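*Asks:* got a sequence here, can you build the structure:
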Amino acid sequence: MGARAPKETVICDVRGAEADVATVDALARLQLTAKRLGCRMWLRNGSAELLQLVAFMGLADVLPEER
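*Replies:* Numbering: from 1, shown residues only. Purely as a prediction, here's the structure:
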């Protein structure tokens, strides 16, 4: 069976979220759940520190910023 394109897009506003490992872990788990439900999640309003931590952890492709 081939890969299906996501049906829905979820925008996760992370303004004010702590830039720590627990936050990135929670976001990654949300993305996994969204993917299982056929959705794609994008981050909005992430602080530079949070986005840098996401990239440092190798999850920039998994937790992309909203386009």
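*Asks:* list the contacts for residue 64?
*Replies:* Contact analysis of residue 64 by Cβ atoms under 8 Å, 6 or more residues apart in numbering lists 42, 43. From N, CA and C alone the C-beta is placed, and that goes for glycine too.
*Asks:* please, which helix or strand holds residue 9?
*Replies:* Under the criterion of DSSP states H and E, residue 9 resides in strand 8-13.
*Asks:* any idea how far the helix or strand that comes right after that strand is from the chain center?
*Replies:* For strand 8-13, the following helix or strand on the C-terminal side (DSSP H and E) is helix 21-36. Averaging C-alpha positions (Cα atoms, centre = their mean, to the nearest Å) puts helix 21-36 6 Å from its chain's average.
*Asks:* if you count contacts, what does helix 21-36 end up packed against?
*Replies:* Applying 3 or more Cβ pairs under 8 Å, 6 or more residues apart in numbering; DSSP states H and E, one finds that helix 21-36 contacts strand 8-13, strand 39-44, helix 48-56.
*Asks:* next, the angle strand 39-44 makes with that helix.
*Replies:* 150 degrees (axes from the mean of the first three to the mean of the last three Cα atoms, to 10 degrees).
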